[in-house]
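In: okay, sequence plus prediction incoming.
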Amino acid sequence: MLHHRHFHIFLIASVLSIGLISSCGQGKKSYDIDSLIEDYAYEEGTEFVELHVMRPGDRDSSGEEILTSKEEAVADTVDSEADGYSEEPETEIKDERPVQRVRTRNLGRLREVFNDSNYRQLVYAQSLGIAPIRSLSDAYHTRRPIVRVKSNRDYTVDTLTHSLPYLVPEAERLLRDIGRNFQDSLKKRGDARYRVRATSLLRTPATVKKLRRVNINATDSSTHQFGTTFDLSYHRFHNLNPAVEVSTEDLKNVLAEVLYDLREQGRCLVKFERKTGCFHVTVTH
């Protein structure tokens with residue numbers, strides 16, 4: 001006899017399977033949701049039973065990204081793993097290595113410069129993002145396409161403890177652009193090679209509730225629930241060149257320059273979070 005939770009998941013999957021199969025050919029968007037379902041079940045503490053819902057015209061299940069229908073696949077696909085890319089190991093920096101300084105622009109007090117309220121960010125999150133995932137059924141039926149986010153040559157994804165590795169395509173593109181611009185800015189100022197580090201991505205209402213116990217900045221109306229928002233650490237960066245170590249303060253200010261310029265272009269809203277050591281970034285288009 002199936003465990004009660006197993007039976008609950010099996011029942012939902014069975015009903016959704018019938019619905020998905022019957023809806024094919026009616027012009028509805030279809031998603032490769034296997035990874036999201038598994039991650040959601042794990043995050044919620046549910047003993048996950050692997051289920052594969054067969055649909056006419058299914059894509060190869062090895063695909064990493066969650067795509068819309070065939071007509072939109074090209075426009076919505078985000079190249080999270082570049083061809084031929086292999087992850088570079090994170091290097092350990094010895095304490096005796098001299099720390100270099102790089103020239104940075106003086107933007108002023110960052111907590112005042114980057115002070116876009118949660119209310120403003122929530123407006124864009126609700127417009128561009130998915131609906132908060134409160135159940136396995138919600139995970140099957142995201143109203144917007146989302147992509148799985150992995151470390152690549154533009155950014156590093158930290159070990160996630162209260163979020164899932166997914167963003168809407170616009171947010172992933174913004175994250176990629178931030179990473180590239182950050183590396184380009186460093187390249188112009190010396191031999192340092194660092195990646196920005198994303199520390200939080202898509203959250204569910206349940207993980208937000210857990211996080212509020214330990215993080216004073218967490219809120220019930222968190223924009224992280226819409227897949228439009230990510231946090232970038234300004235204390236920790238991924239060093240790719242063990243021969244060169246740059247002051248963390250300078251790296252923070254270079255990242256601040258990049259975010260400032262993108263915000264001026266209307267690409268994002270940013271909140272400087274002092275207690276959690278991160279920039280809280282929401283995509284705006």
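Out: Now that the structure is in, tell me what you want to look at.
In: surely Leu128 touches Arg267?
Out: No - at 12.0 Å, Leu128 does not count as touching Arg267 under the criterion of C-beta atoms under 8 Å. Every C-beta, even on glycine, is put in place using the N, C-alpha and C of the backbone.
In: what touches both of these two?
Out: Counting by C-beta atoms under 8 Å, 6 or more residues apart in numbering, the common neighbours of Leu128 and Arg267 are 283-285.
In: just the buried residues from these, in ChimeraX please.
Out: ChimeraX command restricting these to the buried ones, with burial defined by 16 or more other C-beta atoms under 10 Å:
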select :283,284
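In: number of residues surrounding Leu269?
Out: Using other C-beta atoms under 10 Å, Leu269 has 26 neighbouring residues.
In: what's across from it in the sheet?
Out: For Leu269, the beta-bridge partners are Thr282 (DSSP bridges).
In: can you put the shared contacts of Leu128 and Arg267 in JSON lines and add pLDDT and distance to Gly179?
Out: Formatted as JSON lines, those follow (pLDDT from 0 to 100; distance: C-beta to C-beta, whole Å):
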{"residue": "Val283", "pLDDT": "98", "distance to Gly179": "14"}
{"residue": "Thr284", "pLDDT": "98", "distance to Gly179": "18"}
{"residue": "His285", "pLDDT": "93", "distance to Gly179": "19"}
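In: please tell me how far Val149 sits from Asp261.
Out: Using C-beta to C-beta, to the nearest Å, one gets 22 Å for the distance from Val149 to Asp261.
In: those two - which one has more neighbours?
Out: Each of Val149 and Asp261 has its neighbours counted (other C-beta under 10 Å); Val149 has more, 26 against 14.
In: for the stretch 51-200 of the chain, which residues score under the pLDDT cut-off?
Out: 51-97 (pLDDT under 70).
In: rerun at 90
Out: Low-confidence segments of the stretch 51-200 of the chain (pLDDT under 90): 51-98, 134-141, 161-162, 190-191.
In: for the nearest residue to Thr104 once chain neighbours are set aside, give me its contacts.
Out: The shortest distance from Thr104 to any non-neighbouring residue, by C-beta to C-beta, 6 or more residues apart in numbering, is to Asn253 (3.9 Å). Contacts for Asn253 (C-beta under 8 Å, 6+ apart) come out as 104-105, 107.
In: where do the strands sit along the chain?
Out: For the chain, the strands defined by DSSP state E occupy 99-100, 147-148, 155-157, 166-167, 194-200, 229-233, 238-239, 245-246, 268-273, 278-283.
In: can you name every helix or strand that the last one contacts?
Out: Here strand 278-283 touches helix 118-128, helix 169-187, strand 229-233, helix 248-264, strand 268-273, going by 3 or more C-beta pairs under 8 Å, 6 or more residues apart in numbering; DSSP states H and E.
In: now the angle from the fourth one to strand 194-200?
Out: The one in question is helix 248-264. For helix 248-264 against strand 194-200, the angle by axes from the mean of the first three to the mean of the last three C-alpha atoms, to 10 degrees is 70 degrees.
In: in helix 248-264, what's buried?
Out: Residues of helix 248-264 classed as buried by neighbour count (16+ other C-beta under 10 Å): 250-260, 262-263.
In: may I ask which two of the residues you listed are separated the most?
Out: Using C-beta to C-beta, the two most remote members of the buried residues of helix 248-264 are Asp250 and Arg263, lying 20.2 Å apart.
In: quick revisit: nearest to Asp158, of the helices and strands packed on strand 278-283?
Out: Among the helices and strands packed on strand 278-283, the nearest to Asp158 by C-beta to C-beta is strand 229-233 (7.2 Å).
In: pull up the pairing partners for that closest one, direction included.
Out: Sheet pairing here is set by DSSP bridges, and for strand 229-233 it gives strand 194-200 (antiparallel), strand 278-283 (antiparallel).
In: re earlier: any idea how far the residue nearest to Thr104 is from Lys150?
Out: Asn253 is 27 Å from Lys150, where distance means C-beta to C-beta.
In: with Ser117 instead?
Out: Distance, Ser117 to Lys150, using C-beta to C-beta: 31 Å.
In: who has more neighbours out of those two?
Out: Between Ser117 and Lys150, counting by other C-beta under 10 Å, Lys150 is the more crowded of the two (13 against 10).
In: isn't the more buried one up against Val157?
Out: Yes - if you go by C-beta under 8 Å, Lys150 and Val157 touch, sitting 6.2 Å apart.
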